[in-house]
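[1] Everything below, folded, please.
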Amino acid sequence: MKNLIYILTILAIVSCSGKEERPKGILSEEKMALILSDIYYAEYKANNINVGPDSAETVLRHYELKIFEDHGTNDSVYKESFKYYLEYPQKLEKVYDIVIDTVSLREQIQNAKK
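    Next up, the predicted model:
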């Protein structure tokens, strides 16, 4: 089901976007949005387990490393990409539009399963 969300999101973005002009080594808007969506979900999970704040931070870091691995990147590329998008508010807005759609779709799927 997770792969279906990614495929639908990517198809929607690709169909609406033109050529991307970003420096080499910067994550695409789509990939950045998917990583951010996964990180926000990981933050939610880490904050809702019965451990102290320090332990939750350790759990979150573990989740983040797994997310980067799953997306074929690392935290350095992610941080540089985030800095890049902070410099271009319109591009950052597009990224967060995808994040919002992805998170909403995940929530709908979770609610449908219940």
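[2] Where does pLDDT dip in the chain?
    Within the chain, the stretches with pLDDT under 70 are 1-20.
[3] what's the lengthiest helix in it packed up against?
    Counting by DSSP state H, the longest helix found in the chain is helix 89-113. If contacts are counted by 3 or more Cβ pairs under 8 Å, 6 or more residues apart in numbering; DSSP states H and E, helix 89-113 sits against helix 2-16, helix 29-47, helix 75-87. The way it works is simple: take the backbone N, C-alpha and C, and place the C-beta from them, glycine included.
[4] residues in contact with Leu92?
    Leu92 sits next to Tyr85, Leu86 when contact means Cβ atoms under 8 Å, 6 or more residues apart in numbering.
[5] The nearest residue to Ile98 once chain neighbours are set aside: what's it in contact with?
    Leaving aside its chain neighbours, Ile98 sits nearest to Ala33 (3.5 Å; criterion: Cβ to Cβ, 6 or more residues apart in numbering). Shown in contact with Ala33 (Cβ under 8 Å, 6+ apart): Thr9, Val95, Tyr96, Ile98, Val99, Thr102.
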